[in-house]
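Peer 1: This is the structure alone, sequence omitted:
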């Protein structure tokens, strides 16, 4: 049962995008992707909101998230959030690992 967390980072003057760019350029994103239990760590940019960045962060389970939260990378992330004065909205989803047959008919592989 995987856990996906959608984090919406919002700032001003393009700071959310600058934050995401620095996360990538500093190597922090690659380090997080290499952590045990990380399934996905990707940034997306909403078309209708240039001041927000969406991070989709997925883990195998809560234990993997807890280990990540205790890692030195969380300090780096917190520093960058402060540097760019970002505010956050968080959504959390737990996968049931099943695609109902009635939904599958709408998926084009």
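Peer 2: Happy to help now that I have it. As the structure is a prediction and not an experimental result, all values here were calculated from the model.
Peer 1: Can you give the distance from the helix or strand of the chain with the lowest mean pLDDT to the centre of its chain?
Peer 2: Of all helical and strand segments in the chain, the minimum by mean pLDDT, DSSP states H and E falls on helix 101-104, at a mean of 84. Between the centre of helix 101-104 and the centre of its chain there are 27 Å (CA atoms, centre = their mean, to the nearest Å).
Peer 1: now do stretch 77-94
Peer 2: 9 Å.
Peer 1: Tell me the buried residues in that stretch?
Peer 2: Going by neighbour count (16 or more other CB atoms under 10 Å), the buried part of stretch 77-94 is 77, 80-81, 84, 86. To be clear about C-beta, it is placed using only N, CA and C from the backbone, and glycine gets the same treatment.
Peer 1: What mean pLDDT does it get?
Peer 2: Stretch 77-94 shows an average pLDDT of 97 in the prediction.
Peer 1: which one is residue 11 nearest to, not counting chain neighbours?
Peer 2: Nearest residue to residue 11 in three dimensions, chain neighbours excluded: residue 86, at 4.7 Å (CB to CB, 6 or more residues apart in numbering).
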